[in-house]
Every structure is written in structure tokens, then in C-alpha cells.
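Novice: Okay, here's the prediction I keep looking at, along with the sequence it came from:
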Amino acid sequence: VDTTVDRLSTLDTTTSHSNINSIMLISIKKTSIIIGILSLFQSRHVHSLSTPVVASLVKDYSGTAAGLFNNMRTPAALIGGAIVPLGLLTAPEIDKSKDSKRVQLFKKVNLLLAIASLLSEILAITFSTVAINKLAEVRFPPTTGVDELLSKHFEIAWMGTNVHFLLGMFGFGLLVGSKAFFTYGSKVGKISGCWGVAVFLHCSSIVNQGIALGAGDNSPHFASNLLTLVIRYVTLTMSRVRGRPLSMIAFGVIFYSLFLSIEMVAESFGFFQKEKDN
């Protein structure tokens, strides 16, 4: 009897242990299934949230870039149209019997400033118009922003549009001041000249701040200020002149005009005499 009782107790103990093990295995399996379901749901949820964000970052910014170029082209055309009557059609005539050499030089420089400002705006219009046409004709790969599109495919065009628009605009402001000088004399001319220089300097400061800011902290910066922007534009343009005969001739003509400008200034102050038609 005692032996039978011992066997029964041993059997009960073994059965209880096996039941406990079975319950633990079932619990572990259930826990694993629950964790797997939660992980699958979480991964799908994160993927559904992240996919639209990535897709929204990389897209076609051609329309935005065309709008930026058009923002420069329209005011460039307006300023160019205003320069013609202000600095060309009503340019002051030189009276050698009354005007001193300094005033004669000032009038010559005023006319050249008007011509240079007008041509600068024409270059800005040309750059922007060609860029807008290319943005409409060519399908460019998607980018993360309009700044990346401009830096990859329209770097010279964008810098040239900005540089020539700003230089033409600054020249237009100086023409306004000189117009008052030639029309109403030195007293009014000095006041308007001071205003023109002040606006020129303040506009330069605003432009420098905008250039340094760029399109954001993570965007490519074309330059740090207006001077470095002009230098970078000239450097890139000259580096790509090779193989373009018209551009090479254009730079040669520009250098020759600089020589003629120095010669004109020297003759005005009597550094050397040369008979020529003025």
C-alpha cells in the first residue's frame, strides 16, 4: 500500500510539472505572437508615415525655378525701359566753352553708365528668358529643392541674372542722382547724389545679407556677399569661354573697352594729348 501511495504521489508530481511546463510554453508562444503582431503593425505604420514625407521632398521644382527667373526678368525689363529716356534720350550735352574738364568727364561717365546699366539689364533678361525656356522644354531629374536644381543645372544663369539685374539697378539709381545735378545745378545735385549713394550702399547691404543667407542652412550657397558673387560669376564665365568663339570675342572687346576708358580719363585730365573727335 505504501509503495502504491508513493508511486501515485510521484506520478502526481510529474504530471503537475509537465502541466506547468506546458502552460509556460503556451504563454511564451502567445507573448511571441503578440510581440510579432505589434512589431508588424508598428513597421507598417512608420513606413506609411515616412514614405509620403520622402516623396514630398524629392520632386520637380522646374515651375518654382521658372518663377524665380521671371521675378528677376520683369523688373529688369522695367528698369531697362526707364534707363532709355533718363540716361540716353535726355543725356546732357557737352559744352566745351562752359564746362570744365571735370564736368565734361562727368557727363561722359554719365552716358557710359546709362549704356552699361541698360546692357546689364539686357543680359539679365537674356539669361532669365533662356533659363525659363529650358525649364519648360527639358525634363530635369527630381531634386530635394529648387536651390539644388539651380546649383546643378542653372548656376551661371542664376548668378548672371542676379548680378546683371543688381548692377543695372544700382546704375539706374546713380543716374537719378546725376540727372538732378545736370538739371538743377550742384546744390541740388549734391543732395540727390548723397541720396543715391546712400540707397546704393543700403541696397548693397540688403543684397549681401540675402546672399549670405542663401535658401537655408542646408542649401548650397553661391557666394557670401555681392562682391564674391560677382567674382564667382566672372570666374565661372571665363572658365567656360573655351570652345565658345563668340564669348571669347566678347571678352576681348570688353578688355579693349577698358583700355579705351582709361585712355579717356587720362586725356580728360591732360596726362597726354591726342587729337581725336569727341
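Specialist: It's in. Numbers count the residues shown, from 1 in each chain.
Novice: Around the closest residue to Phe106 other than its chain neighbours, how many other residues sit close by?
Specialist: Among residues not flanking Phe106 along the chain, Ser178 sits closest, at 7.6 Å (C-beta to C-beta, 6 or more residues apart in numbering). In this view, the C-beta of every residue, glycine as well, is placed from N, C-alpha and C. Neighbour count for Ser178, taken as other C-beta atoms under 10 Å: 22.
Novice: and if you look at Phe140?
Specialist: 15.
Novice: try Ser97
Specialist: 4.
Novice: One more: Ala124?
Specialist: With other C-beta under 10 Å as criterion, Ala124 counts 28.
Novice: Going by secondary structure, it is in what exactly?
Specialist: helix 101-137 (DSSP states H and E).
Novice: Name the residues of that helix that are buried.
Specialist: Neighbour-count burial for helix 101-137 flags 103-110, 113-114, 116-121, 123-129, 131-132, 134-135 (criterion: 16 or more other C-beta atoms under 10 Å).
Novice: what's the spacing between that helix and its chain's center?
Specialist: Put simply, helix 101-137 sits 19 Å off its chain's centre (C-alpha atoms, centre = their mean, to the nearest Å).
Novice: Which parts of the protein are helices?
Specialist: Here the chain has its helices, by DSSP state H, at 2-57, 62-83, 101-137, 146-153, 155-184, 186-213, 226-239, 245-268.
Novice: who does the fifth one touch, helix- and strand-wise?
Specialist: Based on contacts counted as 3 or more C-beta pairs under 8 Å, 6 or more residues apart in numbering; DSSP states H and E, the elements that helix 155-184 packs against are helix 62-83, helix 101-137, helix 186-213, helix 226-239.
Novice: could I get the ones you listed as TSV with distance to Ile249 and mean pLDDT?
Specialist: TSV is the format used below for those (distance: least, C-beta to C-beta, whole Å; pLDDT from 0 to 100):
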stretch	distance to Ile249	mean pLDDT
helix 62-83	24	94
helix 101-137	16	93
helix 186-213	31	87
helix 226-239	14	89
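Novice: And those: which comes nearest Gly145?
Specialist: helix 62-83 (8.8 Å; C-beta to C-beta).
Novice: what does that closest one contact?
Specialist: 114, 117-118, 121-122, 124-125, 127-129, 131-132, 135-136, 139-140, 146, 149-150, 154, 157-158, 161-162, 164-165, 168-169, 171-172, 175 (C-beta atoms under 8 Å, 6 or more residues apart in numbering).
Novice: Report how many residues lie close to Pro75.
Specialist: There are 14 residues near Pro75, going by other C-beta under 10 Å.
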